[in-house]
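Enquirer: predicted model and sequence follow; I will ask about them next.
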Amino acid sequence: MTLRKYLVLLAVVAFGATGDTFLARGMKQVGSIDVQHLPQLLHALLNPWVFVGIFCLLGFMWSYMTALSFADLTFVLPATAVGYVVMALLGRFWLHEHISPLRWLGIALIVGGVGLVAGGPSRTEHPGDSSSEGGQ
């Protein structure tokens, strides 16, 4: 894989983790909303943290789509599993959320399991792709 492709995967992790974290911080400020009450929803969308979170999640979607354009889903999804760790760390140290040892164990199991799944090479052949990387 090229440096550009690694940077796209890094962008998936960074935008996803920061977007979710900004969104969580903003929604803690806004409080509970009900979809049936439009003014509450608009109030939430006008919160700067929510707005930045949505913007970051748009960046996540762009980088995720870009990653899927050059690699298999079964490669991209495991490659971005480190995002779970980044989100947990942001939640713990920036949002001051308590993360129990059982949750840390769950995150470690998810990342470890994803590492096992990601161990094999991609088998997808893209039309017109003559590279030896199999589309990656």
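Expert: Here it is on my side, so go on. Numbering: from 1, shown residues only.

Enquirer: and stretch 26-34, how far from the chain's centre?
Expert: Stretch 26-34 sits 21 Å away from the centroid of its parent chain (C-alpha atoms, centre = their mean, to the nearest Å).

Enquirer: how about Ala67, what does it touch?
Expert: Residues near Ala67 by C-beta atoms under 8 Å, 6 or more residues apart in numbering: Lys5, Val8, Leu9, Val12, Val76, Ala79, Thr80. C-beta: built from backbone N, CA, C; applies to glycine.

Enquirer: if we ignore the residues flanking it in sequence, what's nearest Leu9?
Expert: Nearest residue to Leu9, sequence neighbours excluded (C-beta to C-beta, 6 or more residues apart in numbering): Ala79, at 5.1 Å.

Enquirer: now for the longest helix along the chain, which elements pack on it?
Expert: Longest helix in the chain, counting residues (DSSP state H): helix 3-30. Counting contacts by 3 or more C-beta pairs under 8 Å, 6 or more residues apart in numbering; DSSP states H and E, helix 3-30 is packed against helix 38-45, helix 48-70, helix 73-79, helix 82-93.
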